[in-house]
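[1] the following block contains a protein sequence and its predicted model.
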Amino acid sequence: MTNNVYRIGIVGASSLAGKELSEELASSSLAASDFVLLDVEDAAGQVTAAADEVSFIQRLESSSFDRMDFVFLAGGEAVTKRHWQDARRAGASIVDLSYALEGEKDVLVRAPWVAELLVEKTSPDLLNLNTPAVVSAHPVAVMLALIAARLRAKLALTSVAAIVMEPASEHGRAAMDELHQQTVNLLSFQTLPQDQYDAQVSFNLLPELGEAAKVKLEMTEQRIRRHYSGLSDGRLPTLALQMVQAPVFHGYVLSMLVEFSEPSTMAEVEAALAGDHVDVLSHESDPPSNLSAAGQEDIMVRVRKDSGDGEKGTRFWIWLAADNLKLAALNAIACATELRRLRPQGKVQ
């Protein structure tokens, strides 16, 4: 094998995030690598796919990371905290999708698509640091920072606000199962399970959940704020944010309000947004939705001027939709690609 063939481990391979990551790696620049699927003992032995090949999930142990080049941590926070140092000692480049490594010394939150837009020629290259791992930024923070950075590059952006509709799949299979069971039970007039949400989520919209909820909407909101702030590094306006738990299984939908210091036309805003990773839809097409975004790699957007008077305005609404799991996987792969230049040769020979 050539030196650029890597050995890659996916921890949490049976999770929703792990399965999506495995699928996306199959069509990425890392597709020729040797993949090892890892998970806790209960998931070990399951048959799944990695890079279009049938594979068994192996039991996660401290020795599982021997000769690994890259390790993606896509399981629960507890699993990440228990095993990431094993991966570090093995010399692997680590990409954390569980967010468990936030706050660890020298661990960076990264979104390479955003960094490409905001990087200044005089800025130091953060990845020259001896970073033990990177945290893949939250998909909503990626969406908001990418849109804001595009607008900032062409227009005088002054403020950003967003209402975020949170899907069940963002919190794993247990949250999706409870939403499904709540829906079934409501239609059959039975008691609702509330272990995950401590509230009725089915057929409902909530800005906060019950006190005993395992799904922590406030923690997600705080994480998005932190990640957006970290990605913007002071170059983007402060984010005003409202989270809403939506009765949907999959896909983010956002309503984003942006304001400029000088009047702009809708055509100018759309032109500023157009580019890689963003699909700008015209008003003749159907609006973006969590259904239409499912399976799509791009963030789907549609623009509307806040006031119907005149051709120009300073406030615009942007309606966005994205496949949350796919966007998270793509950002994680972009992080690994960014790290790859620090290890030009793989351990697979």
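    Received it, and whenever you're ready, just let me know what you need.

[2] so what does Pro263 look like in phi/psi?
    phi -60, psi 140 (degrees, to the nearest 10).

[3] same check, this time on Thr158
    phi -120, psi -30.

[4] could you pull out the strands for the stretch 151-300 of the chain?
    Ranges of strands within the stretch 151-300 of the chain are 157-166, 239-245, 252-265, 278-280, 299-305, based on DSSP state E, counting those that start in this stretch.

[5] format these as CSV; extra columns: distance to Glu102 and mean pLDDT.
    (Each C-beta comes from the backbone N, C-alpha and C, glycine too.) Below are the strands of the stretch 151-300 of the chain laid out as CSV (distance: least, Cβ to Cβ, whole Å; pLDDT from 0 to 100):
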stretch, distance to Glu102, mean pLDDT
strand 157-166, 19, 98
strand 239-245, 17, 97
strand 252-265, 20, 96
strand 278-280, 26, 97
strand 299-305, 23, 96
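
[6] looking at these, spot the one closest to Ala74.
    Checking these against Ala74 by Cβ to Cβ gives strand 252-265 as the closest, at 18.0 Å.

[7] elements contacting that closest one?
    When contacts are defined as 3 or more Cβ pairs under 8 Å, 6 or more residues apart in numbering; DSSP states H and E, strand 252-265 sits against helix 139-154, strand 157-166, helix 290-293, strand 312-322.

[8] where does the prediction get shaky in this structure?
    1-4, 41-54, 120-130, 308-309, 342-349 (pLDDT under 70).

[9] contacting residues around the residue nearest to Leu281 when sequence neighbours are not counted?
    Distances taken as Cβ to Cβ, 6 or more residues apart in numbering put Arg302 closest to Leu281, at 4.7 Å, once the chain neighbours are dropped. Counting by Cβ atoms under 8 Å, 6 or more residues apart in numbering, Arg302 makes contact with 280-283, 285, 287-288, 318-319.

[10] at 7 Å instead, please
    281, 283, 287-288, 319 (Cβ atoms under 7 Å, 6 or more residues apart in numbering).

[11] quick check: closest non-adjacent residue to Pro263.
    Pro263 sits nearest to Lys312 (Cβ to Cβ, 6+ apart), 3.7 Å away.

[12] now that neighbour: how far from Pro237?
    In this structure, Lys312 and Pro237 are 20 Å apart, going by Cβ to Cβ, to the nearest Å.

[13] picking up where we left off before, report the two of the contacts of Arg302 separated the most.
    His283 and Pro288 (11.8 Å).

[14] between those two, which one's more packed in?
    Pro288 (24 against 9; other Cβ atoms under 10 Å).

[15] contacting residues for the more buried one?
    281, 300-302, 319-321.

[16] now those residues: which count as buried?
    With burial judged by 16 or more other Cβ atoms under 10 Å, the buried subset of the contacts of Pro288 is 281, 300-302, 319-321.

[17] which residues sit in contact with the closest residue to Ser136 other than its chain neighbours?
    Setting aside the residues directly before and after it, Ser136 is nearest to Ala332 in space (Cβ to Cβ, 6+ apart), at 4.1 Å. Residues near Ala332 by Cβ under 7 Å, 6+ apart: 21, 72, 95, 97, 136.

[18] host element of Ala332?
    Using DSSP states H and E, Ala332 maps to helix 324-340.

[19] quick check: angle from that helix to strand 299-305?
    With axes from the mean of the first three to the mean of the last three Cα atoms, to 10 degrees defining the directions, helix 324-340 sits at 110 degrees from strand 299-305.

[20] dump helix 324-340 to CSV, restricted to CA.
    Written as CSV, here are the backbone C-alpha positions of helix 324-340 (Å, rounded to 0.1, in the frame of the first residue of the first chain):
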residue,chain,number,x,y,z
ASN,A,324,-28.0,17.4,10.7
LEU,A,325,-26.2,14.1,10.7
LYS,A,326,-24.7,14.5,7.3
LEU,A,327,-23.5,18.0,8.0
ALA,A,328,-21.9,16.9,11.2
ALA,A,329,-20.1,14.0,9.3
LEU,A,330,-18.9,16.2,6.5
ASN,A,331,-17.5,18.8,9.0
ALA,A,332,-15.7,16.0,10.9
ILE,A,333,-14.2,14.7,7.7
ALA,A,334,-13.1,18.2,6.7
CYS,A,335,-11.4,18.4,10.2
ALA,A,336,-9.6,15.2,9.5
THR,A,337,-8.6,16.4,6.1
GLU,A,338,-7.2,19.6,7.7
LEU,A,339,-5.2,17.5,10.2
ARG,A,340,-3.9,15.2,7.4
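
[21] ok so, going back, please flag which of the contacts of Ala332 sit within helices.
    Leu21 (DSSP state H).

[22] and the contacts of Arg302 as TSV, adding distance to Met143?
    TSV is the format used below for those (distance: Cβ to Cβ, whole Å):
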residue	distance to Met143
Leu281	15
His283	21
Pro287	16
Pro288	11
Trp319	12
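
[23] just the residues you listed now: which is nearest Gly76?
    Pro288 (30.5 Å).

[24] can you give me the helices in the stretch 101-250 of the chain?
    With DSSP state H, counting those that start in this stretch applied, the stretch 101-250 of the chain shows helices at 112-118, 139-154, 173-187, 217-232, listed in chain order.

[25] which SSE is the residue nearest to Gln58 when sequence neighbours are not counted in?
    Nearest residue to Gln58 in three dimensions, chain neighbours excluded: Leu38, at 5.5 Å (Cβ to Cβ, 6+ apart). Element membership for Leu38, per DSSP H and E: strand 34-39.
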